[in-house]
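Undergrad: One predicted model, sequence on top.
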Amino acid sequence: MTQGSTKSTDEALAPLRKRIDELDRQIVELLNARAKVVVEVGHVKRGGAAAPIYAPEREKAVLEQIRQYNTGPLPDACLEAIWRELMSGSFALERPLRVGYLGPAGSFSHLAARRKFGSSVEYDNVDDIPAVFEEILRGHIDYGLVPIENSAIGGIGETLDAFLNAEVQVCAEVLINIHHNLLSNAQPDQITRIYSKPEAIAQCRKWLSVQLQQAEKVPVASTSKAAELAATEPNAAAIASSLAGELYDVKVQFANIEDNPQNTTRFFVIARQASKPTGDDKTSVMFTTEHAAGALVNVLDVFRDFGLNMTHIDKRPSKRVNWEYYFFVDLVGHIEEEKVRHAIEEARKHCLQLTVLGSFPRAKEVL
Ligand SMILES: C=C(O[C@@H]1C=C(C(=O)O)C=C[C@H]1O)C(=O)O
C-alpha cells in the first residue's frame with residue numbers, strides 16, 4: 001500500500017471513529033441511567049416482602065423485548081449476550097449474588113453458570129451435586145446450577161436423587177452445547193497421555209480413534225481436574241471445555257472434537273424460591289406411586305386428560321424398597337395456571353407422594 005492511500009484511509013476512518021466515540025458516550029450515559037433505575041428496583045426488592053434479586057420471568061421478558069426492538073444489523077444473539085452481561089451488572093447493583101456449581105472451576109456446570117449469570121456475580125465451586133442443594137438450603141449461595149440431563153447419556157442420577165433429600169425450587173433451566181476440546185501445551189505429536197472424565201472420553205470416541213492413537217487415555221474425576229493436570233505435566237493433554245483451558249492456561253490444540261456436535265446438556269437453576277409465570281413455562285414434578293398394575297398410567301392419564309404436554313420423564317429407584325421408583329416429569333405450563341394446578345391436584349390422588357419441584361420459564365436458546 002502506498003503512503004498516499006494509507007493517508008486517505010486514515011482520513012476516511014477519522015470521522016467514522018469520531019461518530020463511534022460520540023455514540024459510545026451516549027451508550028454509557030444510557031447504561032448508567034438504566035443502572036440507576038436498577039438500584040431503585042433493588043431498594044424496592046429489599047423493602048417490604050423481600051423479592052428475589054434474580055427474576056427469571058423478567059429476564060425472559062427483557063430479552064424478548066430486545067429481540068423485538070432489534071432491526072439489525074447486529075444479530076439477536078449478540079444483543080442477547082450484551083444484555084445478559086448487563087443484567088449480571090444489575091445483580092451486583094441490587095445485592096451481590098452468590099452462584100454455586102459443581103466444581104472445580106472450568107467444569108461444564110461452571111460454563112453454564114457463567115453463560116446464565118455473567119461475570120458480575122460471585123461464584124462458588126462445590127465438591128458434589130448434593131452439596132449444591134445443601135448450600136442453597138443453608139443460605140450460603142443464592143442459586144445453584146445442576147445438570148439434569150444430557151442429550152447423549154440421558155438423566156443425571158445424582159441430581160435427580162438430590163431432589164429426594166432437599167426441598168429446593170427449580171426457578172430456571174439452561175441449555176448448553178457441550179463442546180469438547182483437546183487442551184495441551186505440548187505439540188500434538190509429543191502428547192503421550194490424555195486425561196478426562198470417562199463420559200467426555202466416550203463422547204470423543206470417534207475423534208480419538210483416528211487422532212493421537214499413541215496417547216494413553218487416563219480417566220479422572222472431572223474435565224476441569226484433567227485440565228489442571230495437563231497444565232502441570234509435560235506431554236499431557238486434557239479433554240475439557242475452552243473455559244478450563246483459559247483458567248488453567250492450557251492451549252486449545254483441537255476444538256469441537258465431540259462425536260455429536262449437537263451434544264447438549266440441560267441444567268436446572270435451583271433456589272429457595274420459584275419463578276413467576278411468563279406465559280411460556282414448564283413445571284417440574286416428582287412423584288411415587290403404589291406398586292400396582294397401571295399406577296403410573298393413572299397419573300399420566302390425568303396429564304393427558306388436562307391436555308398437558310410432557311417434555312421430560314425420568315425415574316430413579318426409591319432406595320427404600322427394591323423396585324419402587326420416583327418419577328420425574330416436566331409439564332408445559334406454570335403451577336399458577338388453573339389448568340396445571342387442577343391437573344396436579346388430580347394427579348396427586350393417584351400418587352403416594354407428589355412434590356412440585358418448581359415452575360420456570362421454558363429455555364428457548366442453547367447458550
Ligand atoms: C432489575 C431487575 O432485577 C434483575 C435485573 C434485570 C435487568 O437488569 O433488567 C431484570 C431482572 C432481574 O433478574 C428487575 O427485577 O426488574
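TA: Sure, I can see it.

Undergrad: Quick check on H179: phi, psi?
TA: phi -100, psi 120 (degrees, to the nearest 10).

Undergrad: residue contacts, the residue nearest to it when sequence neighbours are not counted?
TA: Nearest residue to H179, sequence neighbours excluded (CB to CB, 6 or more residues apart in numbering): N256, at 5.0 Å. For glycine as for every other residue, the C-beta is placed from the backbone atoms N, C-alpha and C. If a contact means CB atoms under 8 Å, 6 or more residues apart in numbering, then N256 has H179, H180, N181 as its contacts.

Undergrad: Of those, which qualify as buried by neighbour count?
TA: Among the contacts of N256, those classed as buried by 16 or more other CB atoms under 10 Å are H180, N181.

Undergrad: Go through the contacts of N256 and name the one nearest the ligand.
TA: H179 (27.3 Å; CB to the nearest ligand atom).

Undergrad: mind checking how far D10 is from L16?
TA: To L16, D10 is 11 Å away according to CB to CB, to the nearest Å.

Undergrad: can you put the contacts of N256 in JSON lines and add distance to the ligand?
TA: Output for the contacts of N256, formatted as JSON lines (distance: CB to the nearest ligand atom, whole Å):
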{"residue": "H179", "distance to the ligand": "27"}
{"residue": "H180", "distance to the ligand": "31"}
{"residue": "N181", "distance to the ligand": "31"}
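
Undergrad: What pLDDT is listed against L367?
TA: On pLDDT, L367 comes in at 87.

Undergrad: any idea where the helices of the stretch 101-250 of the chain begin and end?
TA: Under the criterion DSSP state H, counting those that start in this stretch, helices of the stretch 101-250 of the chain are mapped to 108-117, 129-137, 157-165, 198-203, 205-210, 223-232, 242-248.

Undergrad: Quick check: the closest residue to A240 other than its chain neighbours vs the ligand, distance?
TA: Take A240 and drop its neighbours on the chain: the residue closest to it by CB to CB, 6+ apart is T223, 3.9 Å away. Distance, T223 to the ligand, using CB to the nearest ligand atom, to the nearest Å: 29 Å.

Undergrad: And for S359?
TA: On the measure of CB to the nearest ligand atom, S359 and the ligand end up 16 Å apart.

Undergrad: number of nearby residues for that residue?
TA: 27 (other CB atoms under 10 Å).

Undergrad: and it, what are its bridge partners?
TA: With DSSP bridges as the criterion, S359 is bridged to T283.

Undergrad: Would you confirm that it contacts D330?
TA: No - S359 lies out of contact with D330 (CB atoms under 8 Å); the separation is 10.1 Å.

Undergrad: Would you mind listing the residues touching both of those two?
TA: K282, T283, S284.

Undergrad: Of those residues, which is the nearest to the ligand?
TA: So of the shared contacts of S359 and D330, ranked by how close each gets to the ligand (CB to the nearest ligand atom), first place is K282, at 18.6 Å.

Undergrad: Not counting residues beside it along the chain, what's closest to S241?
TA: S241's closest residue in space is L111 (CB to CB, 6+ apart), at 5.3 Å.

Undergrad: is it true that the one you found touches G245?
TA: No - in this structure, L111 is not within contact of G245 by CB under 8 Å, at 11.4 Å.

Undergrad: Close to the ligand: what parts of the stretch 1-150 of the chain are there?
TA: Residues of the stretch 1-150 of the chain found near the ligand (CB under 6 Å from any ligand atom) are V38, V41, Y54, A55, R58, E59, V62, M87, S90, E94.

Undergrad: Any of these buried? List them.
TA: Looks like those have V38, V41, Y54, A55, E59, V62, M87, S90, E94 buried, using 16+ other CB under 10 Å.

Undergrad: any idea of the mean pLDDT in the strand or helix carrying the first one?
TA: V38 is located in helix 3-46, with elements delineated by DSSP states H and E. Across helix 3-46, pLDDT averages out at 93.

Undergrad: tell me what that helix is packed against?
TA: helix 76-94 (3 or more CB pairs under 8 Å, 6 or more residues apart in numbering; DSSP states H and E).

Undergrad: Now do the helix it packs on: everything it contacts.
TA: With CB under 8 Å, 6+ apart as the criterion, helix 76-94 contacts 31, 34-35, 38-39, 41-42, 45-46, 53-54, 59, 62-63, 66-67, 70, 97, 115-121, 365.

Undergrad: likewise stretch 222-240?
TA: With CB under 8 Å, 6+ apart as the contact definition, stretch 222-240 has outside contacts at 103-108, 110, 180-186, 190-197, 200-201, 204, 212, 215, 220, 241, 244-245, 247-250, 253, 257.

Undergrad: Just want the residue of this protein that's nearest the ligand.
TA: S90 (3.3 Å).

Undergrad: Next one: that residue, what pLDDT does it get?
TA: Per-residue pLDDT puts S90 at 96.

Undergrad: quick one, what contacts the spatially closest residue to V250 that is not a sequence neighbour?
TA: Spatial nearest neighbour of V250, excluding adjacent residues (CB to CB, 6+ apart): L183 at 4.2 Å. By CB under 8 Å, 6+ apart, L183 lies in contact with 227, 230, 237-240, 244-245, 248, 250-253.

Undergrad: which of the residues of the stretch 1-150 of the chain next to the ligand lies closest to Y143?
TA: Nearest to Y143 out of these is Y54 (CB to CB; 6.4 Å).

Undergrad: Does the closest one touch L97 like I think?
TA: Yes - using CB under 8 Å, Y54 is in contact with L97, at 6.5 Å.

Undergrad: what is in contact with those two at once?
TA: Residues touching both Y54 and L97 (CB under 8 Å, 6+ apart) are F91, F117, D142, Y143.
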